[in-house]
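Colleague: The following comprises the amino acid sequence and a computationally predicted model.
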Amino acid sequence: MRAYASGSARICSCATAGFKGGHALMRRINMDNNNVALITKMVLEAVEKQKSSEKEPGYLVPVGVSARHIHLTQEHVEALFGPGYQLTKKKELMGGQFASNETVTIVGLKLRAIENVRILGPVRSKSQVEVSATDAIKLGVKAPIRESGNVAGSAPIAVVGPKGAIYLNEGCIIAKRHIHMPPKDAMAAGVHDGDVVSVQAENERGTVFNHVQIRVDDSFTLEMHIDTDEANAAKIATGQTVRIIK
């Protein structure tokens, strides 16, 4: 009986040890299965999201948020910075343009001023100041929404530099939102230079922008330009995307 009992004890002991080991193995298998299930779920969600994006109509365009800035003629550059002065390059922009190192102060009719307004080069045939609606209110000017370059009948503004000042009878505008495109992107999106489209922000707000002008040129990089007011309202930052929905 003792031998049998002893043997039973050994059998019982071995069985218990095996049972504990089985629990550990089962836990590991369950953990592995959980990991596999989680990874599988993530992969399937990513695939579905990609398929959904591919099925969704429209053309994706990266956004560039444009802060207030000014374009000047060479005559006005010299009036503000001195005879013979040339703008110096700080950063290359698309279409052969650049942000210069030079800044000026702009002053509205009620002598309200905004300092450190960057000059974009190269020089142009006509000077113009581009501001947001909030800037226009601060300056006390009635700046119309216009395409860049169309300054006829726009708001007057004074510009002050380190060597002098100028007064523009017209030239202060709120830039009309627009999309720059090289021809290949215009073809892919099915749009042409001068077309006006609608776009939707690809974020939690999903803001829709109407009256967005298309500009097509070989020198352009694909990008939609909006001002700081529009970006803040839609919670969009430079580098995020919008979708052309026409």
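Modeller: Received the coordinates, thanks. Numbers count the residues shown, from 1 in each chain.

Colleague: only C-alpha atoms for contact and neighbour calcs from this point on.
Modeller: OK.

Colleague: Give me the nearest residue to Q97, chain neighbours excluded.
Modeller: If the residues on either side of it in the chain are set aside, Q97 comes closest to G121, at 5.6 Å by Cα to Cα, 6 or more residues apart in numbering.

Colleague: My guess is the one you found contacts T73. True?
Modeller: No. Contact status for G121 versus T73: not in contact, 9.4 Å apart, counting by Cα atoms under 8 Å.

Colleague: quick one: which of the two has more around it?
Modeller: Counted by other Cα atoms under 10 Å, G121 and T73 do not tie: G121 has more neighbours, with 24 against 16.

Colleague: Phi first, then psi, for the more buried one.
Modeller: The phi and psi torsions at G121 (degrees, to the nearest 10) take the values phi -110, psi 180.

Colleague: next one: V160
Modeller: Geometry field for V160 lists phi and psi as phi -120, psi 130, criterion degrees, to the nearest 10.

Colleague: which non-adjacent residue is nearest it?
Modeller: T105 (5.1 Å).

Colleague: The one you found: what secondary structure?
Modeller: Per DSSP: H, G, I helix; E, B strand; the rest coil, the local secondary structure of T105 is strand.

Colleague: Just give the number of residues close to it.
Modeller: If you count neighbours by other Cα under 10 Å, T105 ends up with 16.

Colleague: okay, it: pLDDT?
Modeller: At T105, the pLDDT value in this model is 99.

Colleague: How about the contacts made by it?
Modeller: Shown here is T105, whose contacts under the criterion Cα atoms under 8 Å, 6 or more residues apart in numbering are 113-117, 159-161.

Colleague: which one of these is nearest K184?
Modeller: Sorting the contacts of T105 by distance to K184 puts V117 at the head of the list, at 33.9 Å, by Cα to Cα.

Colleague: Tell me what that closest one is bridged to.
Modeller: With DSSP bridges as the criterion, V117 is bridged to V104.

Colleague: my read: it touches N101, true?
Modeller: No. Distance between V117 and N101: 10.5 Å, which falls outside the contact criterion (Cα under 8 Å).

Colleague: Thanks again, I'm all set now.
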